[in-house]
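J.: Fold the following.
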Amino acid sequence: MRGLYWEDWEIGAELESPGRTVTETDIVMFAGLSGDYNPLHTNEEFARQTDFGGRIAHGPLVYAIAAGLLFQLHLYDDTLIAFLGFEDLRFTKPVRAGDTIHARITVLEKRETSRPERGIMKRRLHVLNQRGEVVQEAVQAFLLKRKPS
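T.: Now for the predicted structure:
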């Protein structure tokens, strides 16, 4: 399967990923992988005393899961050159073990580059929980292949 070329992305187009439930194991494994043992993520007794009222998932973990869900759509197979970065990334609501998240993207803009075989596409990312609440949002830029001549 081949992903979408730069020309295939239409401004205003929206795509949605499947959902995935964030687990206790995800949170524990991410703490170990990242070295981020902040007690907000790893200590229930501590976290109960915070405004969150209990442990929450790491923001970068939620983003990583959302990115993986979007890659399951095969939008970038053999057409993605590089992820160029974020203009903005916000964690707007906490995610807890047991929450099910999915991602929605909306194409914001496209522009050509100085190299005719490449183009840049910007999209808005919303990560939503099972109640439809936005838990993360970002604007992202991608460098994509253009269709061969």
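
J.: and E137, what helix or strand is that in?
T.: Assigned by DSSP states H and E, E137 falls within strand 134-145.

J.: cool, F30 as well?
T.: Going by DSSP H and E, F30 is part of helix 24-34.

J.: what lines up beside the strand holding E137 in the sheet?
T.: Strand 134-145 sits in its sheet next to strand 80-91 (antiparallel), strand 118-128 (antiparallel), going by DSSP bridges.

J.: For the longest one, buried residues please.
T.: Buried residues in strand 80-91, defined by neighbour count with 16 or more other C-beta atoms under 10 Å: L80, I81, F91. Quick note: C-beta positions are derived from backbone N, CA and C, even for glycine.

J.: as a whole number, average confidence for the helix or strand that comes right after it?
T.: Once strand 80-91 ends, the next helix or strand along the chain (criterion: DSSP H and E) is strand 100-112. For strand 100-112, mean pLDDT rounds to 98.

J.: just the CA coordinates of strand 100-112, formatted as CSV?
T.: Presented in CSV, the C-alpha positions along strand 100-112 are these (Å, rounded to 0.1, in the frame of the first residue of the first chain):
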residue,chain,number,x,y,z
THR,A,100,-9.9,5.3,25.4
ILE,A,101,-8.4,7.8,23.0
HIS,A,102,-8.4,8.4,19.3
ALA,A,103,-7.0,11.0,17.0
ARG,A,104,-8.6,13.4,14.5
ILE,A,105,-6.5,15.4,12.0
THR,A,106,-7.6,18.3,9.8
VAL,A,107,-5.4,19.5,7.0
LEU,A,108,-4.7,23.2,7.5
GLU,A,109,-2.4,24.2,4.7
LYS,A,110,0.0,23.0,2.0
ARG,A,111,3.0,24.7,0.4
GLU,A,112,5.6,23.8,-2.2
